[in-house]
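Novice: coords please:
(2 chains)
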Amino acid sequence: MEKINVVLPDGAKIELDAGSTAYDLAGSIGPRLQKAAVAAVVNDNLVDLSTKLNNGDVATIVVDHNESGVDIIRHSTAHIMAQAVTRLYPGTKLGIGPTIEGGFYYDFDLKRRLSAEDFSAIEEEMKKIASDNYPFERKVVTKEEAKKIFKDQPYKLELINEIEDETVSIYSQGEFIDLCRGPQIPSTGKVKAFKLLSVAGAYWRGEETRPMLQRIYGTAFASKEALKEHIETLAEAERRDHRKLGRELDLFTIDDEFGAGLPLWHPKGAILRKVIEDFWKNEHIKRGYELIATPHIAKVDLWRTSGHWDFYRESMFSPMEVEGTDYVVKPMNCPGHIKIYKSHTRSYRDLPLRWAELGTVYRFERSGVLHGLLRVRGFTQDDAHIFCTPDQIEGEILSVIDLMLFMLKKFGFDKYDVYLSTQPDKFVGAQENWDKATNALKGALDRAGLKYEVDPGEGVFYGPKIDVKIRDALGRSWQCTTIQVDFNLPERFDVTYIGPDNKEHRPIMVHRAILGSLERFIGVLIENYAGAFPVWISPEQIVVLPIADRHNDYAVFVADKLKEVGARVRVDLRTESVNKKIRDAQVMKVPYMLVVGDKEVENKQVAVRDRSGDRGAIALDAFTDEFKVAMRIM
RNA sequence: GCCACUGUAGCUCAGCAGGUAGAGCAGCUCACUCGUAAUGAGCAGGCCAGCGGUUCGAAUCCGCUCAGUGGCUCCA
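Specialist: Below you'll find the predicted structure:
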């Protein structure tokens, strides 16, 4: 029999019978590998295990427990779900069914309004399909053939028409056929652990003008254990929901009558803001920023000049008329900063100017997008604008990145995804400046040693930008930091500086927000820490708990002493049991409880209970010192 | 804005198929003065999101509005 040689990723060669498949290759390496195999990479192409190998091919087996293997399982599970839905509800029109981070979805167009109550029936059908163990069979057909196959599937026909190749691949399992690039797992029986999660509307192809389909989200894993773990993570995310914790910890409310998307900060939430604001302001001043302040409303003409009235109006609140002149609530802080810049003639010697403001802006967000603190209509940006020369951009960006890394680290975030968005098709400003700015952004990212992903053409019309999404304790990512170069506003407002040549030059403006907005950042912070903030951030840092009334005076004395070193401390003077007071402080996630009774009064001690539990009595002075150290973590 | 679902006391939720509202926690009062996650008893608290309709009668059925939830689109 004729033989072929296949090269493994480590360079080793394996001899196989001619006509062997990737599946055979896995088997020849070992039965366990063959069992875990879901697909293969042959000469850098991800393919089915049924793919026939040729002499000299470089092949890697993709197994079910690594990321790309799980992805393939999820993709196949999406197909199985589509098959189940089609069986249960004949006439269903199929949209698309891709994998996403953590799972998959499939879009359907059907008469029945799907609800979570339908999930068990769909899951049962899926289990049946899995146990019938249909092989996934790949076929390459011409587009004409495909159109015949999918003649009753208008969405598939649309996709086929847009495919540029002459042929398309289709996959079938049992009676079900779907248009698909592949690869797929060998057979439906490989799917062992899946769960349908939610159902939602989604526009066909994500376009508002197209029909709305019904999307079922689900997830799948290689093993039941991994699925269980993932479901635990989802439950943990629910427990950490900042909307729930915000209420429980008495931080903020969003009141129906007051207005949607307009959070009201309670005393504990407001002190949390103050801690962040103070830290933020101090750090900015240290780093050469100056603080400025601008009002919440301005004449509508200002926004005509800035261009927002033309391009951003749908996000702005309607104007209000004052003595015959229209004013609007600001959706951005930039024009105010520019006006301050223009209050003097500026010299090149003044640049760079770094002006920071915790500026509260209001944007009209469509009702359906509001979400707790993460998406609101009134929010405080930790904004700053840097006016500089083109040559200064790279250095300025670098210092912004440095500040960002510093601040995020202080707040406990050390994982982020960085995106560089480059020049879009429609843009303003000189090509030369775009190139210069884009290179400056790249240069700064490289010098900061940050890995980043380029989003080609995704920049704003007025300049390239860097976006940073932070990852929280559960691995979810949130857009916070944004650094945007702007060639547009300096032009529109005719912003200039006098250069060494005694001529007017156009400065470049950098918009940047590190935390993004206080609201969103606090929302993320709450979820990241599950409400159990580090000492320096905690709204209440210490609660003193007298055991009986006769200890009240000493408890107040302890609290006063701690206030002297800047502690946010409260005395629980209620006539409740110690257990009750401890429980209440614990529920509020207060980092330190100091229990004081006869012994402590006598010895000038406090019995410390922190998040690790009861630590016994120590001298008040010793605790004060410890507290000061804990505060220094910031 | 779009699709689906939801809206009962401050919070978490009962209230089945229409007959005029209930629990726990929180709050208040009283007693207890307590050593590391809820002391006990009592009291008070709701135009059942709002408006309109069907009905002898609506928290319950229908419509609209508002708000929330999960997504889509859009974004800090």
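Novice: who's in contact with the closest residue to A:Asp109 other than its chain neighbours?
Specialist: What sits nearest to A:Asp109 in space, not counting adjacent residues and going by Cβ to Cβ, 6 or more residues apart in numbering, is A:Lys93, at 3.9 Å. For the C-beta atoms, the positions are set from N, CA and C on the backbone; glycine is no exception. With Cβ atoms under 8 Å, 6 or more residues apart in numbering as the criterion, the residues that contact A:Lys93 are A:108-110, A:152-155.
Novice: helix or strand: which one has A:Arg243?
Specialist: Using DSSP states H and E, the element containing A:Arg243 is helix A:242-248.
Novice: quick check: residues of the stretch 201-350 of chain A near RNA strand B?
Specialist: Applying Cβ under 7 Å from any atom of the strand, we find that the stretch 201-350 of chain A lies next to RNA strand B at A:201-203, A:206-208, A:212, A:214-215, A:217, A:243-244, A:247, A:254, A:256, A:260-261.
Novice: could you rerun that using 6 Å?
Specialist: When proximity is defined as Cβ under 6 Å from any atom of the strand, the stretch 201-350 of chain A approaches RNA strand B at A:201-203, A:206, A:208, A:212, A:215, A:243, A:247, A:254, A:256, A:260-261.
Novice: inside helices: which ones of those?
Specialist: A:243, A:247 (DSSP state H).
Novice: is it possible to mark the buried ones in the contacts of A:Lys93?
Specialist: Buried residues within these, counting neighbours by 16 or more other Cβ atoms under 10 Å: A:108-110, A:153, A:155.
Novice: helices or strands up against the helix holding A:Arg243?
Specialist: For helix A:242-248, the contact count by 3 or more Cβ pairs under 8 Å, 6 or more residues apart in numbering; DSSP states H and E identifies strand A:252-254, helix A:518-529 as packing neighbours.
Novice: which element follows the last one toward the C-terminus?
Specialist: Read it as helix A:518-529. Scanning forward in sequence from helix A:518-529, with DSSP H and E defining helices and strands, the next element found is strand A:542-546.
Novice: show me what A:Glu357 bridges to in the sheet.
Specialist: Each beta-bridge partner of A:Glu357 is listed here: A:Asp383, as defined by DSSP bridges.
Novice: before we move on, what about A:Lys52?
Specialist: When bridges are taken as DSSP bridges, the partners of A:Lys52 come out as A:Thr21.
Novice: for RNA strand B, see how far away it is.
Specialist: 38 Å (Cβ to the nearest atom of the strand, to the nearest Å).
Novice: so who does that residue touch?
Specialist: If a contact means Cβ under 8 Å, 6+ apart, then A:Lys52 has A:19-21 as its contacts.
Novice: roughly how far does it sit from A:Gly182?
Specialist: As judged by Cβ to Cβ, to the nearest Å, A:Lys52 and A:Gly182 stand 15 Å apart.
Novice: how about the residues of the stretch 401-550 of chain A by RNA strand B?
Specialist: Applying Cβ under 6 Å from any atom of the strand, we find that the stretch 401-550 of chain A lies next to RNA strand B at A:479-480, A:482, A:516-517, A:519-520, A:547-549.
Novice: how about the residues you listed in a markdown table, adding pLDDT?
Specialist: Compiled in a markdown table, these are given as follows (pLDDT from 0 to 100):
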| residue | pLDDT |
| --- | --- |
| A:Gln479 | 86 |
| A:Cys480 | 89 |
| A:Thr482 | 93 |
| A:Gly516 | 93 |
| A:Ser517 | 94 |
| A:Glu519 | 94 |
| A:Arg520 | 93 |
| A:Ile547 | 95 |
| A:Ala548 | 93 |
| A:Asp549 | 92 |
